[in-house]
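Enquirer: Okay, predicted coordinates and the sequence, questions at the end:
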Amino acid sequence: MKNNEVAQALNEMAVLLEIQGKDKFKPKAYSRAARSIASLGEDIEAIASRGELTEIPGVGKALAEKIDALLKTGSISQLEELRKEIPVNVRELDAIPGVGPMTMKLLYESLGITDLESLEKAVKEGKLTGLKGIRQKTVNQIVEGIQLVRAGLGRTLLANAFPVAQSIESALKHIKSVRQINVAGSFRRRKETIGDIDILVDATDGEKVMEAFVHLEGVTDVLAHGPTKSSVRLSTGLQLDVRVLPPESYGAGLQYFTGSIDHNVHVRTIAQKQGLRLSEYGLFKGEEQVAGKEEGDIYKALGLDYIEPELREDKGEIEAAQRHELPNLVSLAQIRGDLHTHTNKSDGANSIEEMLDVAASKRYEYYCISDHTKSLTIAGGMTEEQILDAIDEIDGINSSGRWKLKVLKGAEVDILANGELDISDDVLERLDVVTASVHTKMKDTKEAITDRVCAALQNRHVDILGHPTGRLLLKRSEYEVDLERIFETARAAGVTMELNSHPERLDLNDGNLRAAKRYGLKIAINTDAHRVGELHNMQFGVFQARRGWLEPIDVINTYPLKELLKLFRK
DNA sequence: GCCGTTTTCGGCCCGACTGTTTTCAGTCG
C-alpha cells in the first residue's frame, strides 16, 4: 500500500469526522497525520515494519494502530463505520474548490447528494438555490469547481514553475510602489512539484498591485480579489496567490508564506508558549511588535536557529533549531562535477565537445561521460568495443589540455533482469565511474527487482546506483523496491546512491535521502544530462538534496577529485 | 487524536476573502 492511499484514508476520516461534528479537534489530528504521511517520502510500510509509526509527526498510538490495520487488512473499521453513517464520497466532493465538510453536510442532509454525479444533477435541476446560505454565486462557484475537478487539477513540476514565477515577478516589479517581491510557498521550499505559486510583495499601494495582478496576461479566473490578498488562475491551470504587506511586516510575511502549514502551526505554538503571538504581521508581545521586518529575526526571537526554507516541513527541523543542531546544507557552489551525463554516442543530443564546453563554463573540476550500454538498444547503447574506443578518445581529450577539467571515463550500465550487468568486467575495470541502472522490466515484483538490484550492487565495479526508484514525477510511480534492503547492501558493497537531478526524476526523493544518510550512504548529485541545456539541472538536484538534509560531506561530488577517486577505488 | 522544559490533562495558529448575512460561518493557506 502506498503512502498516498494511507493519507487519503486518514483524510477521508478527517472530513467525515468533521461532518459528524462530535469533536472539533479530532478531525484536525487526522488531517495533520494525513499531510504528514503524504509528504513522508519514505515507504510507510517500511516504517510500520520497524514499528516506528508513532515517530511520524502527528501519529500517536491510536492512529498507528489504525494505520497498521489498514496496511495489514486493507481497511480501518472506524472508517467503514463512518462511511455507513455518512455515505458521502468525500474524495470526490472534497476536491471541489470551495466545498468543505459543512457544505457536504448541508448537501447530503437536505438533498441526499453523495458524489459529483448527484451534485451535478441537483445543480441542473436548480435544487441548490434556496438552501440555507446558498444563492446563485455559490452555485456558480460549485459549477466551476466541478468543471475543474473533471479537468483534473494538477500539480506542476518545480522546474516548470520557475519561468512562470520569474515572469510574474518581473511583471509586478514594474509597478511603481513595489519595493520588494519574493516567491514564497512550496516554490521557495523547493518542493519537487507545486500546487500554486505564492508571491509576497512589499508595496505602499496594495490595491494598485492587486489591480495589476488580476489583469496579468494569461489570467483566466479571478478567485479572490481583496485589498491585500488576491488569487487568480492562469490558462495553464496554475493558481497564483499574491499578498501585500508593509515593510515592517515583510519578514514575518515571508516566514508565514514559506513554511508548510505544519511548520507554521508548530512555530506559532512555540510563540504562544512564550507569551507571544505570531502572524504574518509580526511577532507580538501584547501590542508591541518584537520582530517582523526581517525573517531571520522571527526565529531568533523565539530562540531558534535560522531554518533554511527547504527544511520548513515540520519534520524535526524546529527541534533541531532549538538544539542548535541544524545541518549545514550542501549548496550549488560546492558542486565540483557531474558524474552522470550522456552524449550523442548513445541517446544524447550533443557531442562530447559541446557538453564539455558547458561543463567547463560551470568551473567543474571533473566531469564524467556515462553513455548507455548495449542492451538498451532504444538508446543506442554502446558495445564493449565502442566503450574502449570512447576510453581512448577521453584519454586524448585529457592529454590535449583543451579543457581544464578532468574528464572521467564512465558508463551507465544496464542491470539485466537476472541482476547481471550488460558489460563485461574487464571493460568495466577500465572505467573511472560505473553507474548501474534499471531500465527494463520495471513492473516486476518488489522481491524480484530488489534481488536484481542487490545482485548488481555486488559487482565490485559498480560505483553508483542510478535513479534508484525509477519514478517519473506526475507520470510514472517508482517501481516496487525494498529500499532498506538496497541501502544495506549498498553500504556493505560501498556503492553510492544517485540523486538524479532531472526535474522529472529527482530520484531519490527527500525522505529517501534522509533514510540513505541514516544508513551511512553517500550521495552523488548528477544531472543525467542528455543535452547541454540539461547540465543546468544540477540546481534542482541540489534543492532536493537540501530538502533531504544533506551536507557537503554526504555528497561525493563536492569532494576534490583526489578524494573522489579514492572513494571509487575498491 | 496528539502532545509536553509552564502540562500525562487540557490545551489545540492565525488571518484574509467570499457570500451570505446584518455580524458571521465556511473555506483556504
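Expert: Here it is on my side, so go on.
Enquirer: contacting residues for A:W549?
Expert: When contacts are counted by Cβ atoms under 8 Å, 6 or more residues apart in numbering, A:W549 touches A:311, A:327, A:329, A:513-514, A:517. From N, CA and C alone the C-beta is placed, and that goes for glycine too.
Enquirer: which one of those sits closest to A:S375?
Expert: A:S375 has its nearest neighbour among the contacts of A:W549 in A:L513, at 28.8 Å by Cβ to Cβ.
Enquirer: a helix runs through the closest one, doesn't it?
Expert: Yes: going by DSSP: H, G, I helix; E, B strand; the rest coil, the assignment for A:L513 places it inside a helix.
Enquirer: so it sits right up against A:R546, yeah?
Expert: No: contact criterion Cβ atoms under 8 Å: A:L513 and A:R546 do not qualify, at 9.6 Å.
Enquirer: Between these two, which has more neighbouring residues?
Expert: Neighbour count, other Cβ atoms under 10 Å: between A:L513 and A:R546, A:L513 has more, with 27 against 23.
Enquirer: where's that one relative to A:F568, distance?
Expert: Distance, A:L513 to A:F568, by Cβ to Cβ, to the nearest Å: 21 Å.
Enquirer: repeat for A:K137
Expert: Noted for A:K137: a distance of 65 Å to A:F568, by Cβ to Cβ.
Enquirer: More neighbours: the two, which one.
Expert: The residue with more neighbours, out of A:K137 and A:F568 and counting by other Cβ under 10 Å, is A:F568; that gives 19 against 8.
Enquirer: Just list the residues touching the residue nearest to the more buried one when sequence neighbours are not counted, thanks.
Expert: Counting by Cβ to Cβ, 6 or more residues apart in numbering, A:F568 lies nearest to A:D463, which is 4.9 Å off, once chain neighbours are set aside. Taking Cβ under 8 Å, 6+ apart, we find A:D463 in contact with A:433-435, A:495-496, A:567-568.
Enquirer: How about A:G316: what's its closest non-neighbour residue?
Expert: A:P57 (7.8 Å).
Enquirer: can you confirm that neighbour is in a strand?
Expert: No: for A:P57, which was evaluated using three-state DSSP, the result is coil, with no strand membership.
Enquirer: Count the neighbours of it for me.
Expert: The local packing of A:P57 (other Cβ under 10 Å) involves 18 other residues.
Enquirer: A:N509 versus that one, what's the distance?
Expert: To A:N509, A:P57 is 17 Å away according to Cβ to Cβ.
Enquirer: Enumerate the positions of stretch A:313-320 that are buried.
Expert: Neighbour-count burial for stretch A:313-320, with 16 or more other Cβ atoms under 10 Å as criterion, is recorded at A:313-315, A:317-318, A:320.
Enquirer: Could you export those to a markdown table, including columns for secondary structure?
Expert: Listed next are the buried residues of stretch A:313-320 as a markdown table, based on three-state DSSP:
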| residue | secondary structure |
| --- | --- |
| A:E313 | coil |
| A:D314 | coil |
| A:K315 | coil |
| A:E317 | helix |
| A:I318 | helix |
| A:A320 | helix |
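Enquirer: Next, the buried residues of stretch A:63-76.
Expert: Neighbour counts using 16+ other Cβ under 10 Å place A:63-64, A:66-67, A:70-71, A:76 of stretch A:63-76 among the buried residues.
Enquirer: tell me, which of the residues you listed make contact with DNA strand B?
Expert: A:63-64 (Cβ under 7 Å from any atom of the strand).
Enquirer: ok, so of the buried residues of stretch A:63-76, who is nearest DNA strand B?
Expert: Lowest distance from DNA strand B to those (Cβ to the nearest atom of the strand) belongs to A:L63, with 3.4 Å.
Enquirer: how about the closest residue to that closest one other than its chain neighbours, what does it touch?
Expert: When the adjacent residues along the chain are set aside, A:L63 lies closest to A:A33, with 5.3 Å between them (Cβ to Cβ, 6+ apart). Under the criterion of Cβ under 8 Å, 6+ apart, the contact list for A:A33 reads A:10, A:56, A:58-59, A:63.
Enquirer: for A:F213, same thing?
Expert: Under the criterion of Cβ under 8 Å, 6+ apart, the neighbours of A:F213 are A:172, A:230, A:232, A:240, A:242.
Enquirer: burial count for the fourth one?
Expert: A count of neighbours around A:L240, defined by other Cβ under 10 Å, yields 23.
Enquirer: Pretty sure it sits in a strand.
Expert: Yes: counting by three-state DSSP, one finds A:L240 located in a strand.
Enquirer: pretty sure it contacts A:I197?
Expert: Yes: contact between A:L240 and A:I197 holds when scored by Cβ under 8 Å: they sit 5.0 Å apart.
Enquirer: low-confidence ranges in chain A?
Expert: Residues of chain A that meet the criterion pLDDT under 70 lie in A:1, A:153, A:570.
Enquirer: which residue of it sits farthest from its center?
Expert: For chain A, the C-alpha farthest from the mean C-alpha position belongs to A:G130; by Cα atoms, centre = their mean, that distance is 43.2 Å.
Enquirer: in a helix, that's where that one is, yeah?
Expert: No: secondary structure assignment (three-state DSSP) places A:G130 in coil, not in a helix.
Enquirer: how close does it sit to DNA strand B?
Expert: A:G130 sits 9 Å away from DNA strand B, taking Cβ to the nearest atom of the strand, to the nearest Å as the criterion.
Enquirer: Next up, phi/psi of that residue, please.
Expert: Backbone torsions for A:G130, taken as degrees, to the nearest 10, come to phi 110, psi -20.
Enquirer: now the one 5 residues further on
Expert: According to degrees, to the nearest 10, the main-chain angles of A:R135 amount to phi -130, psi -160.
Enquirer: ok, the residue nearest to the spatial centre of chain A - contacts?
Expert: Relative to the mean C-alpha position of chain A, the nearest C-alpha, by Cα atoms, centre = their mean, is the one of A:E192, at 3.0 Å. By Cβ under 8 Å, 6+ apart, the contact set of A:E192 is A:157-158, A:473, A:503, A:506, A:509-510, A:544.
Enquirer: if we look at the host helix or strand of A:K517, which residues are touching it?
Expert: Assignment of secondary structure by DSSP states H and E places A:K517 within helix A:510-518. Under the contact criterion Cβ under 8 Å, 6+ apart, helix A:510-518 has outside partners A:40-42, A:192, A:468-469, A:483-484, A:487, A:497, A:499, A:508, A:523, A:544-545, A:547-550, A:554.
Enquirer: Pull that helix out as CSV, backbone CA atoms only.
Expert: Below are the C-alpha coordinates for helix A:510-518, written out as CSV (Å, rounded to 0.1, in the frame of the first residue of the first chain):
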residue,chain,number,x,y,z
ASP,A,510,13.8,13.9,0.1
GLY,A,511,12.7,11.2,2.5
ASN,A,512,14.7,8.5,0.8
LEU,A,513,17.8,10.7,1.1
ARG,A,514,17.4,11.2,4.8
ALA,A,515,17.0,7.4,5.1
ALA,A,516,20.0,6.8,3.0
LYS,A,517,22.0,9.1,5.2
ARG,A,518,20.9,7.2,8.2
